[in-house]
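Colleague: This is a predicted model, with the sequence first.
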Amino acid sequence: HEMIKMVKMSFSLLFFNFLISSFIIYHIQAGEPNPYHAEHPFRNLASWIKEIDSEFETTDLKSLSRAITTLSKSQEALKSFEGLAHEIGGRIKQFPSTSEIDEIRKEAIEHPSEKNEKEALLLMELLVDLEKALYSTEVIECGSLYISSSKAKQRLKDANLEVLQISNSKEESDNHFVEALIENGMVRGQILINSKDKTLFLLFTDNLEGANLIKAICSDKMTKENILSSSWNVSMELLNSMHLTIESFLNHNEGFKIQCIGHSFGGSVAAVIAGVLEGTLADKDNCDICKKVKQFKNIVSCVTFGSPPCINSATKLPFVTSYIVGDDMVPRLSKDSFENLKSRIKQVLPKKSNLVSKSLFLGSSIVSDIGGLSAQGLKQRKLMKSKEKSSLSVPGRVIFLKPRRLHGGVTVALAGEGSVKEDLFWQLHDIVCTKSMIRHHKLSRYIQLIDHA
């Protein structure tokens, strides 16, 4: 009788697994994206992987896209746990929501205490950071405009900005910007001045997208100091063209400070250049350009948005603040995380085409992928704690902006310190397969969340 019960139970579990997996497959197929819909992230990611990795050349695009969709189910499961915990717990204690300013201020005034003062001070520091970040995004937007147009001139005037011409000794001419070429793309450097705040903005933007962006970030090559070589090489080329203009301006204008700003790959360039100008990354023994560039200790800062991991995790850059929004793929993108993603995709690509075998395979794949993600997150946490010098990380102090369904709010939290939440639930060191993984990388999304925080 016991044996019969066990057999019945086994068949019941298999049947239940079959029903659940069939239901998931139905929804995946029913929601199969239009192949010509350029905005669908899973199909885009599938096409980029096929373009980059010859191992997937023979894999059908639809099958690859469905495999990524399957991975998204396990990611959604982990996110739902964290989302539920947030809705129950209310708020992140380290960084209160900015919507609670009045409440905290009132409590601090009515019931003065050391705890309340610290909480209010922490909130005010966060508000200042967010305000600066919002202005930094405005600088990026101004830099993206055609400088000679009347619209650009008015926008610059409204933002208290003016363009500093960059002297090019090679061509004996002045330019609004300088450019450095990278495989299938370009990074642009510009200098803007805010005379009112006495700030010299060094702005870095790029035109890298899709497979070209992945290739630039997932490079095998690194410098001696474990800096992403593509970021380093571009930074040195741009700095070589810009440093004389920077030094000349600061020599003739006392009291100015430098702030480097960049979005996406341009963010990694901004962080590296800031590190060289400040002195932390100025390797004068092995870098000819570093020998020529003057260092400006204590007046250099940097703000990046959606920067990829580019500097080893053991290197401290306290003057750099990096922002990550939600499921943005780029700050999670590295050679290791990309290889891990491809490995996960191989595990969920079905070997057989009939519905029963596909359903059973899919059900077990989702469960095993959830376990794999958890294990990978905990492994990353261990590596971060040991400060492994070979691992790259998003530069400087990292502020994570998490959009919430509850009241349309935003969680703002310090990240990059290897907490369980960021490694296990937010998956900040693994590529998150969600429908917003590409949309969250857009600068407009960063502006929206920072403004709403």
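Modeller: Nice, thanks for sending it over.
Colleague: Next secondary structure element downstream of the lowest-mean-pLDDT helix or strand in the chain?
Modeller: One helix or strand of the chain scores below all others by mean pLDDT, DSSP states H and E: helix 355-386, with a mean of 47. Counting by DSSP states H and E, the element after helix 355-386 in chain order, helix or strand, is strand 392-393.
Colleague: on contacts alone, who are the packing partners of that following strand?
Modeller: If you count contacts as 3 or more CB pairs under 8 Å, 6 or more residues apart in numbering; DSSP states H and E, strand 392-393 packs onto strand 311-312. Glycine gets a C-beta too; all of them are placed from N, C-alpha and C.
Colleague: And for the strand it packs on, what's in contact with it?
Modeller: Contacts with strand 311-312, where a contact means CB atoms under 8 Å, 6 or more residues apart in numbering, come from 225-228, 271-272, 275, 281, 317, 389-393, 395.
Colleague: Any quick ChimeraX command for the buried ones out of those residues?
Modeller: Buried members of these, defined by 16 or more other CB atoms under 10 Å, are picked up in ChimeraX with:
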select :225,226,227,228,271,272,275,281,317,391,392,393,395
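Colleague: least trustworthy position among the contacts of strand 311-312, going by pLDDT?
Modeller: For the contacts of strand 311-312, the weakest pLDDT value sits at Lys389, with 49.
Colleague: what separates Cys310 from Ser195, distance-wise?
Modeller: In this view, Cys310 and Ser195 are 31 Å apart by CB to CB, to the nearest Å.
Colleague: okay, the two: which has more neighbours?
Modeller: Taking other CB atoms under 10 Å, Cys310 and Ser195 do not tie; Cys310 has more neighbours (28 against 12).
Colleague: Isn't the more buried one up against Gly266?
Modeller: No. Cys310 lies out of contact with Gly266 (CB atoms under 8 Å); the separation is 11.1 Å.
Colleague: May I have the distance across stretch 399-414, first residue to last?
Modeller: Start-to-end span of stretch 399-414 (CA to CA, to the nearest Å) is 5 Å.
Colleague: So which bits of that stretch are buried?
Modeller: Buried residues in stretch 399-414 (16+ other CB under 10 Å): 399-403, 409-414.
Colleague: do the same with stretch 249-264
Modeller: Going by neighbour count (16+ other CB under 10 Å), the buried part of stretch 249-264 is 250, 256, 258-264.
Colleague: tally of neighbours for Asp60?
Modeller: 12.
Colleague: go on, Leu244?
Modeller: Neighbour number of Leu244 under other CB under 10 Å is 16.
Colleague: likewise Ser241?
Modeller: Ser241: 20 neighbours (other CB under 10 Å).
Colleague: Numbering from 559 from now on, please.
Modeller: OK, 559 is where the count begins now, so the last one is Ser799.
Colleague: I figured it hits Gly747, correct?
Modeller: Yes. Between Ser799 and Gly747 there is a contact under CB under 8 Å: 7.2 Å.
Colleague: Now the common contact residues for the two.
Modeller: Overlap of the contact sets of Ser799 and Gly747 (by CB under 8 Å, 6+ apart) consists of 724, 736.
Colleague: Show me where this protein dips below the pLDDT cut-off.
Modeller: 559-597, 633-680, 704-706, 726-732, 778, 782-783, 908-948, 963-966, 974-984 (pLDDT under 70).
Colleague: Go again with 50.
Modeller: Across the chain, the ranges flagged by pLDDT under 50 are 581-596, 640-653, 913-920, 922-929, 931-933, 935-936, 938-945, 947.
Colleague: distance of Arg713 from Asn752?
Modeller: 14 Å.
Colleague: again, but for Thr838
Modeller: For Thr838 relative to Asn752 (CB to CB), the value is 25 Å.
Colleague: Between those two, which has more neighbouring residues?
Modeller: Thr838 (20 against 17).
Colleague: Assign a three-state SS to that one, would you?
Modeller: Three-state assignment for Thr838 (DSSP: H, G, I helix; E, B strand; the rest coil): coil.
Colleague: Tell me who's in contact with it.
Modeller: By CB under 8 Å, 6+ apart, the residues touching Thr838 are 873-875.
Colleague: ok, those residues vs Arg902, which is closest?
Modeller: Thr873 (29.2 Å; CB to CB).
Colleague: what about that closest one, which helix or strand?
Modeller: Short version, using DSSP H and E: Thr873 is in no helix or strand.
Colleague: Next secondary structure after the helix or strand hosting Ile804?
Modeller: Assessed by DSSP H and E, Ile804 sits inside helix 787-810. For helix 787-810, the following helix or strand on the C-terminal side (DSSP H and E) is strand 815-821.
Colleague: Within its sheet, name the partner strands of that following strand and how each one runs.
Modeller: For strand 815-821, the paired strands and their directions (DSSP bridges) are strand 757-764 (parallel), strand 858-863 (parallel).
Colleague: circling back to that earlier point, can you add distance to Ile607 and give the buried residues of stretch 807-822 back as JSON lines?
Modeller: Below are these laid out as JSON lines (distance: CB to CB, whole Å):
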{"residue": "Leu808", "distance to Ile607": "45"}
{"residue": "Phe814", "distance to Ile607": "45"}
{"residue": "Ile816", "distance to Ile607": "39"}
{"residue": "Gln817", "distance to Ile607": "36"}
{"residue": "Cys818", "distance to Ile607": "32"}
{"residue": "Ile819", "distance to Ile607": "31"}
{"residue": "Gly820", "distance to Ile607": "26"}
{"residue": "His821", "distance to Ile607": "24"}
{"residue": "Ser822", "distance to Ile607": "19"}
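Colleague: Ignoring the adjacent residues along the chain, who's closest to His821?
Modeller: Leaving aside its chain neighbours, His821 sits nearest to Phe863 (4.5 Å; criterion: CB to CB, 6 or more residues apart in numbering).
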